[in-house]
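Novice: got a predicted model here, sequence first, then my questions.
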Amino acid sequence: MESFVNLAGALMALWMISLAEQPADADHPHGHSKAEYFSSAFEGLLIVLAAASIGYAALHRLLAPQPLEAVGIGLLVSVLASAINLVVARILMKAGREHQSITLEADVHHLMTHAWTSVGVILGVGLVAISGWNWLDPAIALLVAANIVWTGWQLMCRSASGLMDVALPPEQQGRIAQVFERYSAQGIAYHALRTRRAGRRSFVSFHVLVPGKWTVQEAHDWAERIESDLREVITNCHITSHLEPIDDPCSMDDQGLDRGPASSRSKRTV
């Protein structure tokens with residue numbers, strides 16, 4: 001049963017990564033990178049289901065303790081499985097960080113739940129063998145199940161946040177602010193900064209406020225410099241910028257997601 005669960009998770013990951021790597025098209029102008037969140041949510045669900053099955057079996061054994069059977073073979077299989085899972089998890093984690101793939105990170109967490117389960121088996125069997133208390137085995141299994149549930153829940157929350165266009169982490173937003181601070185001495189400001197992440201791609205949009213006396217070419221050149229600096233601090237980043245004159249009151253009407261009442265524009269037009 002566990003092998004089929006692993007196979008389902010791996011096939012889902014392969015499918016979603018293949019879909020996420022497809023280029024943008026007419027129906028998906030922002031690309032397909034959000035597909036990875038479906039895979040990570042699926043992996044999180046599998047992890048929670050695995051923990052539920054462990055918890056169910058542990059409660060049954062806790063209410064009716066039973067002597068352990070085939071201890072030697074069980075320990076050998078657990079140790080080998082734990083070692084293999086740890087090696088594969090390290091390889092996947094390196095690839096996941098390199099490619100900023102939440103799907104590969106989800107696979108890592110899935111494999112680590114197996115490793116924690118194996119650790120629980122070894123610990124539980126060892127303590128039972130030393131003490132003779134058969135209830136220790138299911139008690140430790142419940143602790144392992146609780147830890148696995150927490151891992152699966154965090155993974156599903158991360159997936160939901162990605163689908164809801166959560167902003168980039170504070171660390172990356174701080175890097176963006178530092179880039180703009182370097183240009184404040186040139187009379188350049190910014191507002192309406194919005195960020196989000198979709199899979200391994202980051203999206204940044206903002207309005208650049210420049211002196212109104214500048215030519216379009218001059219303002220454009222400065223905006224290009226800002227975008228270039230942002231791409232150096234935020235990898236795999238798609239940037240959308242909008243130029244506005246800093247001395248025009250109308251430039252302050254659209255700082256939010258939806259443009260507010262253009263009262264200043266109406267008065268100026270009249």
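Specialist: That came through, no problem.

Novice: pull the CA atoms of stretch 26-38 into CSV?
Specialist: Output of stretch 26-38 as CSV, limited to C-alpha atoms (Å, rounded to 0.1, in the frame of the first residue of the first chain):
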residue,chain,number,x,y,z
ALA,A,26,-2.3,32.6,-25.3
ASP,A,27,-4.5,31.0,-22.7
HIS,A,28,-1.8,31.1,-20.0
PRO,A,29,0.1,34.4,-20.5
HIS,A,30,1.8,34.1,-17.1
GLY,A,31,3.0,30.6,-17.7
HIS,A,32,2.1,27.3,-16.0
SER,A,33,4.4,27.5,-13.0
LYS,A,34,1.5,27.4,-10.5
ALA,A,35,0.9,23.7,-11.4
GLU,A,36,3.6,22.8,-8.9
TYR,A,37,1.3,23.9,-6.0
PHE,A,38,-1.2,21.2,-6.9
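
Novice: mind listing what's buried in it?
Specialist: Residues 31-38 are the ones in stretch 26-38 that count as buried (16 or more other CB atoms under 10 Å). (Glycine included, C-beta is placed from N, CA and C.)

Novice: same check, this time on stretch 120-130
Specialist: Under the neighbour-count criterion of 16+ other CB under 10 Å, stretch 120-130 has 120-125, 128 buried.

Novice: try stretch 158-166
Specialist: 158-159, 162.

Novice: same deal with stretch 36-53?
Specialist: Neighbour counts over stretch 36-53 (16+ other CB under 10 Å) mark 36-44, 46-48, 50-51 as buried.

Novice: tell me the mean pLDDT over that stretch?
Specialist: Stretch 36-53 comes out with an average pLDDT of 84.

Novice: and stretch 214-234, by the same measure?
Specialist: Stretch 214-234 shows a mean pLDDT of 93.

Novice: who's in contact with it?
Specialist: Here stretch 214-234 makes contact (CB atoms under 8 Å, 6 or more residues apart in numbering) with 168, 172, 175-176, 178-180, 182-183, 186, 188, 202, 204, 208, 210, 237, 239, 241, 243.

Novice: one more pass at 7 Å, please.
Specialist: 172, 175-176, 179, 183, 186, 188, 202, 204, 208, 210, 237, 239, 241, 243 (CB atoms under 7 Å, 6 or more residues apart in numbering).

Novice: ok, stretch 126-143 next?
Specialist: Outside stretch 126-143, the residues that touch it by CB under 7 Å, 6+ apart are 54-55, 58, 61-62, 65-68, 120, 123-125.
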